[in-house]
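In: whatever this is, show me its structure:
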Amino acid sequence: MALEEAPNAVALLDAKGGVLWANRAFYTLSDGVCRPDTDFHLTDLLVPIAEPGQPLWAALAKPGGCAFDVETHAHNMSASRLLKLTLGPLVEAIRPAYLRDMSDQRQREEALKRAEGLLEHTAVHDPLTGLPNRRGLLRQLGDLMRRAEDEHRRIGVCLIDIDQFRMLNESRGHEAGDELLIEFSERLRRLSDPDQVLARIGGDLFAVVSPEMTDVGVLDVRARRMRSALAREVALASGRWSPNARMGLAIAEPGETDPATLLMHAEVALADAKGTPDGDVGLFSQAAGQRFADRSRLAEELCRGIDEGQFAAHFQPQIRLEDGRLAGFEALVRWHHPERGILEPCYFLEAAEQLGLESTIDALMIDLALDALLEMRDAGHDVPRISINFSARSMRDPERVDLLAFAVEKRGLQPSDVVVEVLESTMIVDATDPAASNIDRLARSGFRVELDDFGTGYAALSNVARLNIHALKIDRSLVQLMLGHQVSAVVVSAIIALAKQIGISVIAEGIEDVAEVRELSRLGCDLGQGYWFSRPLPLNLALTYLARHQRSSESGRPHRLAG
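Out: Purely as a prediction, here's the structure:
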């Protein structure tokens, strides 16, 4: 009989719930409470939980059938289980009952919710200090400024930068730097009032928001008092250190509700303090604001730099953690500024976005990256793929996919040779967003699409699973803290495990030592990228790297895999 061997529990019941016949799975599910040689009633095994107060026999009496959640409750069963009970319609006083064990599914759902909760928390908090990060601060600051407008109050912001922090990192290591940051955050907590908002918004940059300020003079007095307390000597594991803080202050008048502008004013004031030899506390003013005119000069330089070919691609290798073989390169934009030298995107990308130039830079990088891939292969090197970055604007450009496909085809390359990296902050839930459509088009055209900086932005795992994403790229901030910070370690582990469950790959960026390589490899991470393997290199040095890596591979010693 087919029902006898069915995987789910099946039974035939009379109109009052008495069991007339049951299959083998039913008796197994009862843990011995129900036996073939004894009479028993379904209520001996189950109690309804979806409809509290309704006797089970009342549900059994419904002629049209029903389905609801129940749980096992017999006193001698080994464990309680969450079950789905489905009753068929009553036919000649006999009705079928189907029981399906839902306990494992419920546990998986709860684990997914916990992991998403961790990711959401990490998106707006600094994992090292537990304080809100820049994104979290802007969110809270916006709420405060809107309330202050209604109540005609002023909002004050104090930015605090630790002087000589880079020197501490370089002379005593990043562990000492982390110790100082943690101690600094604890001191700020002790010094702040309950209504103030604290945040760590950069490497050594902290913010204190005061929701009620009478004038900038009061804010100045508070800041200087706080600065004196923060300057006390700190006992680090590597020895004692005397920190020095520089501060930038700005106040939003009633009616000013843009948190980004207020924060920018405080950053200008901080730059004033740093630009003065004896400056400790800078105050934003119209004179200081005039320095924003420099942005127009930067805009002109950006446009001229693009026209004159000052932008170039540098290439950072991506390594398979399993065996140390080269998986490909990521192409990273660099500005060879005629006066300031080689600039990374953090120095110009925000200005490029405001000027609408990021798509132009993206298009330039496509050509540079694909030409470099051809040159690497023509030199005899096996480079499986090249990764390029798409800005949010490019990701929503309806013509961008066609332009990329044409650039690949005219060079005789294949879509599988190219990976498109999309920032997590580009992703939104709405499937009608052009970014979602372009991601699907890229994937259907044969390109791989990877979600960059994952773990610090907006994308929910359910959204990632819905879209045609081939890999997640764990943000460097999580990778670099995972060995010494429990929350970061849990988030990294959860990202890798859940990515595997939905069938996509994982890349870790920002790897700086062999301990991180080993831990990521143990967790099942597929690829690694970071200074441990190589800094981003101009094309000529990337070719040298390839030759060295090839010799290492041929000798059986994977290049920079195990140290």
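In: what's the helix or strand for the nearest residue to residue 321 once chain neighbours are set aside?
Out: In this structure, residue 321 finds its nearest non-sequential neighbour in residue 521, 4.3 Å apart by CB to CB, 6 or more residues apart in numbering. All C-beta spots, glycine's among them, are computed from the backbone N, C-alpha and C. Element membership for residue 521, per DSSP states H and E: helix 514-523.
In: do residue 300 as well
Out: Using DSSP H and E, residue 300 falls in helix 294-307.
In: what comes up buried for that helix?
Out: Neighbour-count burial for helix 294-307, counted by 16 or more other CB atoms under 10 Å, picks out 298, 301-302, 305-306.
In: grab the nearest non-local neighbour of residue 29.
Out: Spatial nearest neighbour of residue 29, chain neighbours left out: residue 9 (4.7 Å); criterion: CB to CB, 6+ apart.
In: leaving out the residues flanking it, which one is nearest to residue 447?
Out: Residue 447 sits nearest to residue 415 (CB to CB, 6+ apart), 4.7 Å away.
In: my read: that neighbour touches residue 406, true?
Out: No - judged on CB atoms under 8 Å, residue 415 makes no contact with residue 406 at a distance of 11.4 Å.
In: if we can go back for a sec, report the angle between the following helix or strand past the helix holding residue 300 and helix 514-523.
Out: Later in the chain than helix 294-307, the nearest helix or strand by DSSP H and E is strand 311-320. Interaxial angle, strand 311-320 versus helix 514-523 (axes from the mean of the first three to the mean of the last three CA atoms, to 10 degrees): 60 degrees.
In: in the helix or strand just after strand 311-320, what counts as buried?
Out: Later in the chain than strand 311-320, the nearest helix or strand by DSSP H and E is strand 326-337. For strand 326-337, a neighbour-count test (16+ other CB under 10 Å) marks 326-335, 337 as buried.
In: I'd like the residues you listed as JSON lines, with distance to residue 388 and pLDDT appended.
Out: Shown next, in JSON lines, are these (distance: CB to CB, whole Å; pLDDT from 0 to 100):
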{"residue": "326", "distance to residue 388": "17", "pLDDT": "94"}
{"residue": "327", "distance to residue 388": "15", "pLDDT": "95"}
{"residue": "328", "distance to residue 388": "11", "pLDDT": "96"}
{"residue": "329", "distance to residue 388": "10", "pLDDT": "98"}
{"residue": "330", "distance to residue 388": "8", "pLDDT": "97"}
{"residue": "331", "distance to residue 388": "5", "pLDDT": "97"}
{"residue": "332", "distance to residue 388": "9", "pLDDT": "97"}
{"residue": "333", "distance to residue 388": "10", "pLDDT": "96"}
{"residue": "334", "distance to residue 388": "14", "pLDDT": "96"}
{"residue": "335", "distance to residue 388": "17", "pLDDT": "94"}
{"residue": "337", "distance to residue 388": "22", "pLDDT": "93"}
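In: now, which of those sits nearest residue 176?
Out: residue 332 (28.9 Å; CB to CB).
In: beta partners of that closest one?
Out: As for beta bridges, residue 332 partners with residue 314 under DSSP bridges.
In: re earlier: packing partners of the helix holding residue 300?
Out: strand 326-337, helix 349-354, helix 358-378 (3 or more CB pairs under 8 Å, 6 or more residues apart in numbering; DSSP states H and E).
In: quick one: low-confidence ranges for the stretch 151-300 of the chain?
Out: 170-171, 214, 275-279, 288-296 (pLDDT under 70).
In: now the strands for it?
Out: Using DSSP state E, counting those that start in this stretch, the strands of the stretch 151-300 of the chain run over 155-163, 197-200, 205-210, 234-236, 239-241, 244-252, 281-283.
In: got the contact list for the second one?
Out: For strand 197-200, the external contacting residues (CB atoms under 8 Å, 6 or more residues apart in numbering) are 126, 128-129, 131-134, 136-137, 140-141, 144, 181, 185, 188-189, 192, 206-209, 211.
In: buried subset of these as a ChimeraX selection?
Out: Buried residues within those, by 16+ other CB under 10 Å, are selected in ChimeraX with:
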select :126,128,129,131,132,133,134,136,137,140,141,144,181,185,188,192,206,207,208,209,211
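In: mind checking which of the contacts of strand 197-200 are in helices?
Out: Among the contacts of strand 197-200, the ones falling in helices (DSSP state H) are 134, 136-137, 140-141, 144, 181, 185, 188-189.
In: widest-spaced pair of these?
Out: Farthest pair in the ones in helices among the contacts of strand 197-200, by CB to CB: 144 and 181, 24.5 Å.
In: got the contact list for the closest residue to residue 329 other than its chain neighbours?
Out: Closest residue in space to residue 329, ignoring its immediate chain neighbours: residue 315 at 4.2 Å, by CB to CB, 6+ apart. Listed by CB under 8 Å, 6+ apart, the contact set of residue 315 reads 329-332, 372, 536-539, 542.
In: do the same with residue 138
Out: 259-260, 263 are the contacts of residue 138 under CB under 8 Å, 6+ apart.
In: how about a cut-off of 10 Å?
Out: Residue 138 makes contact with 124, 132, 199, 201, 207, 258-260, 262-263 under the criterion CB atoms under 10 Å, 6 or more residues apart in numbering.
In: distance-wise, check it relative to residue 195.
Out: 18 Å (CB to CB, to the nearest Å).
In: pretty sure residue 422 is touching residue 450, no?
Out: Yes - with contacts counted by CB atoms under 10 Å, residue 422 reaches residue 450, the gap being 7.2 Å.
In: intersection of neighbour lists for these two?
Out: In contact with both residue 422 and residue 450: 389, 469, 473, using CB under 10 Å, 6+ apart.
In: buried ones only from these, please, as a ChimeraX command.
Out: The buried residues among these can be selected in ChimeraX (16+ other CB under 10 Å) with this line:
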select :389,469,473
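In: tell me which of the shared contacts of residue 422 and residue 450 is nearest to residue 501?
Out: Nearest to residue 501 among these: residue 469, at 13.8 Å, using CB to CB.
In: find the helix or strand that that closest one is a member of.
Out: Counting by DSSP H and E, residue 469 is found in no helix or strand.
In: please name the residues that touch it.
Out: By CB under 10 Å, 6+ apart, the residues touching residue 469 are 422, 427, 439, 443, 448-451, 454, 459, 463, 499, 502, 504-505.
In: relative to residue 323, how far out is the residue nearest to residue 329?
Out: Separation of residue 315 from residue 323 (CB to CB) stands at 21 Å.
In: what do you get for residue 151?
Out: For residue 151, the distance to residue 323 (CB to CB) stands at 62 Å.
In: circling back: can you redo the buried residues of helix 294-307 as TSV with distance to residue 163?
Out: Converted to TSV, the buried residues of helix 294-307 look like this (distance: CB to CB, whole Å):
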residue	distance to residue 163
298	26
301	29
302	31
305	32
306	36
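In: name the nearest of those relative to residue 359.
Out: residue 306 (11.3 Å).
In: got a list of what the closest one touches?
Out: Contacts of residue 306 by CB under 10 Å, 6+ apart are 335, 352, 357, 360-361, 364.
In: try residue 234
Out: With CB under 10 Å, 6+ apart, residue 234 has these contacts: 168, 176, 179-180, 182-184, 187, 240-243.
In: hey, what's it bridged with?
Out: residue 241.
In: low-confidence ranges, the stretch 451-563 of the chain, go.
Out: 455-463, 465, 553-563.
In: go again using 90 as the cut-off
Out: 451-469, 475-478, 480-491, 494-495, 497-504, 548-563 (pLDDT under 90).
In: which residues of it fall in helices?
Out: 461-466, 476-481, 486-501, 514-523, 539-554 (DSSP state H, counting those that start in this stretch).
In: contacts for the second one, please.
Out: With contact meaning CB under 10 Å, 6+ apart, helix 476-481 is reached by 119, 122, 126-128, 133, 174, 178, 453-456, 485, 487-489, 491-492, 495, 508-513, 516, 519-520, 525, 528-531.
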